[in-house]
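1. Here is a sequence together with a model predicted from it:
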Amino acid sequence: MTDRLAALMPGLTVDAVGEGIAHANLMIWDCAGGVAVGPPDAMPVDAPVCLGAQVGGGVWIEHLWSDMPAVRIGADHPLRPLIDLTLAEVSRPRCGTATLMQGYVQAIIVHILRNAIEQGAVTSGILAGLADARLSRVLVALHDDPAHDWSVESMATLAGMSRSAFMARFAKVLGMPPASYLRQFRMTRARQDLAAGEKTRTVARRYGYGSTEAFSRALRATDRAA
């Protein structure tokens with residue numbers, strides 16, 4: 001089985017959890033028949049908030065979660081027991097609460113992203129690409145081996161498509177050409193590694209740059225484009 005999320009989850013952190021978390025980017029709120037989970041933009045105005053979480057981790061927060069629709073969690077939903085555990089832990093903190101919350105919220109995110117891929121719930125962006133049978137083969141390969149000298153031709157072959165059809169499909173679903181996506185992915189992961197204290201030379205090699213100078217130029221270029 002190909003794990004389409006494995007390379008996107010490393011570094012996922014839950015930095016704060018509670019009812020009044022500033023800059024929360026994951027919300028759980030009351031809705032008809034249960035609760036709903038999603039990014040703040042998906043939450044209706046004046047919805048009663050059960051929990052907010054500030055989640056970090058570079059790749060996932062920039063490219064995955066912001067496109068998610070709200071997910072309703074009713075009494076019979078498989079995620080409901082985990083949601084109930086999470087809300088109970090927040091309402092009555094005890095020894096080990098911070099550790100448990102990290103795991104609970106991470107598990108909620110993975111469940112929701114996985115279901116979104118399997119159900120095709122998102123129509124554009126990385127989740128939509130991972131839900132596409134042909135594009136997902138390419139995306140997983142890029143994520144697993146970002147240092148490889150990828151060409152459009154090799155990506156198209158992996159997808160089982162002609163070069164022109166692959167380029168058009170990739171741009172439509174991901175919103176950018178394959179080379180731009182790969183560069184963005186490399187730089188996002190590289191910044192994450194540098195922030196963790198890794199040496200520039202090591203990170204440059206990991207993401208396919210033959211010299212620290214070329215790597216630094218690529219970082220500056222993405223900074224200017226941001």
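-> Done, it's in. Numbering: from 1, shown residues only.
2. any idea how far the nearest residue to residue 155 once chain neighbours are set aside lies from residue 122?
-> Once flanking residues are discounted, residue 155 sits nearest to residue 138: 4.9 Å by Cβ to Cβ, 6 or more residues apart in numbering. Every residue, glycine included, has its C-beta placed from N, CA and C. Taking Cβ to Cβ, to the nearest Å as the measure, residue 138 falls 17 Å from residue 122.
3. do the same with residue 195
-> 27 Å.
4. These two: who's more crowded?
-> residue 122 (20 against 10; other Cβ atoms under 10 Å).
5. ok, that one - contacts?
-> 67, 68, 69, 116, 128, 131 (Cβ atoms under 8 Å, 6 or more residues apart in numbering).
6. Buried only: go through these for me.
-> 67, 68, 116, 128, 131 (16 or more other Cβ atoms under 10 Å).
7. from those residues, which is closest to residue 153?
-> residue 128 (23.3 Å; Cβ to Cβ).
8. Not counting its own residues, what contacts the lengthiest helix in the chain?
-> Across the chain, the longest stretch assigned as helix under DSSP state H is helix 97-119. Helix 97-119 is contacted from outside by 4-5, 9, 12-14, 17, 26, 37, 53, 55, 60, 64-65, 68, 71, 78-79, 82-83, 85-86, 89-90, 121-122, 127, 130-131, using Cβ under 8 Å, 6+ apart.
9. In ChimeraX, select just the buried ones from those residues.
-> To isolate the buried members of the contacts of helix 97-119 in ChimeraX, using 16+ other Cβ under 10 Å:
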select :4,5,9,12,14,17,26,37,53,55,60,64,65,68,71,79,82,83,86,89,90,121,122,127,130,131
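10. circling back to that earlier point, and the two most separated of the contacts of residue 122?
-> Applying Cβ to Cβ across the contacts of residue 122, the maximum distance is between 69 and 131, 13.6 Å.
11. Is residue 158 in contact with residue 139, as I believe?
-> No. Look at residue 158 against residue 139 with Cβ atoms under 8 Å: they stay out of range, at 10.0 Å.
12. which of those two has more neighbours?
-> residue 139 (26 against 18).
13. element containing that one, please.
-> helix 133-144 (DSSP states H and E).
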